[in-house]
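Q: Predicted coordinates and the sequence they were generated for:
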Amino acid sequence: MKTLSAIASLGAIALTLSTTAQADVVRVGFASEPYPPFATLQSDGSVTGWEVDIANAVCAAAELECEIVTSSWDGLIPALTTRKIDAIAASLSITEQRRKVIDFSDKYYQTSAAVMGAKGDEITPTPEGLAGKTLGVQSASIHQTYAKRHFPDTRVREYQTQDEANQDLFAGRIDATLADILVLDDYLASDDGELCCDMKGNVAHDESILGSGVGFGVRKGDNELLERLNAGIAEIRASGRYDEISKQYFDFDIYGD
């Protein structure tokens, strides 16, 4: 009886440990659309980029086993709320509109939104400067929301990916595109970007749309995961790991003020 009791106890302990280990596996969602230098889906199914490296570092610091899961950009929040993933790490800006649906960690970077247009075209990133123009934006992005609110006299054309907007700008089918300045800088460094386009400047910041930085998105009420992600962000910032990773991609402080 003692042997059976001991076996049963060991089994219960093993089950508890197994359950705990499973609970520590966090499915982190990234967009399947390319968004260099933050994240790009490779042909073998892996995802690479600065944001992937940062997410992995945060997970390691928080002692979480993070599994990368990809989804279309506009499917990430639905995937989170329906429990197909546990967190989002896809340059998701912290906005009040999104806070109505999900919770956010502390920010892990912050950049500005800017307009890129054809060389020689005297466009300014203002309602007057874009009046009568055709502006490309990524569908379901904060830049789409911004364009529709702040550029009422501009034709806004939506694209599934920023790459598609860039291609149409190169081909002359649109006049400009609005996106994160780092994404536009990355394109301008390419052969096509250097040939066709230049930066027209940052748009006026509207925090109610553009948010207060980028953070991990988590389900409402998932406070334990939120606290661990916040602790992980704080640790890699304090240890220098954040700067070590960032210097491989950027020559400036992407964290922001």
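A: Ah, there it is.

Q: how about the helices of the protein, start to end?
A: Ranges of helices in the chain, per DSSP state H, are 2-23, 50-61, 76-81, 96-99, 142-150, 162-171, 181-188, 191-196, 207-210, 223-239, 241-246.

Q: which stretch among those helices comes nearest residue 29?
A: helix 76-81 (5.0 Å; CB to CB). To be clear about C-beta, it is placed using only N, CA and C from the backbone, and glycine gets the same treatment.

Q: and the spatially closest residue to residue 156 that is not a sequence neighbour, how far is that from residue 256?
A: The spatially closest residue to residue 156, leaving aside those adjacent along the chain, is residue 147, at 4.8 Å (CB to CB, 6 or more residues apart in numbering). From residue 147 over to residue 256 the distance is 22 Å, taken as CB to CB, to the nearest Å.

Q: ditto for residue 102
A: 21 Å.

Q: Kindly report the same for residue 142.
A: 16 Å.

Q: what does residue 110 give?
A: 3 Å.

Q: just residue 86 next, same as before
A: 26 Å.

Q: who are the neighbours in contact with residue 165?
A: Residues in contact with residue 165 (CB atoms under 8 Å, 6 or more residues apart in numbering) are 136-138, 157, 159, 174, 177, 179.

Q: Test for you: state the pLDDT assigned to it.
A: The per-residue pLDDT reported for residue 165 equals 98.

Q: Could you give the bridge partners of the closest residue to it other than its chain neighbours?
A: Once flanking residues are discounted, residue 165 sits nearest to residue 136: 3.5 Å by CB to CB, 6+ apart. Under the criterion DSSP bridges, residue 136 forms beta bridges with residue 157, residue 177.

Q: show me the contacts for residue 136.
A: 157-159, 164-166, 168-169, 174, 176-178.

Q: Closest one to residue 32 out of those residues, please.
A: residue 164 (13.7 Å).

Q: What is the neighbour count of that closest one?
A: 17 (other CB atoms under 10 Å).

Q: The closest residue to it other than its chain neighbours and residue 150: what is the separation?
A: Distances taken as CB to CB, 6+ apart put residue 136 closest to residue 164, at 7.9 Å, once the chain neighbours are dropped. Using CB to CB, we find residue 136 at a distance of 15 Å from residue 150.

Q: Sounds good, over and out.
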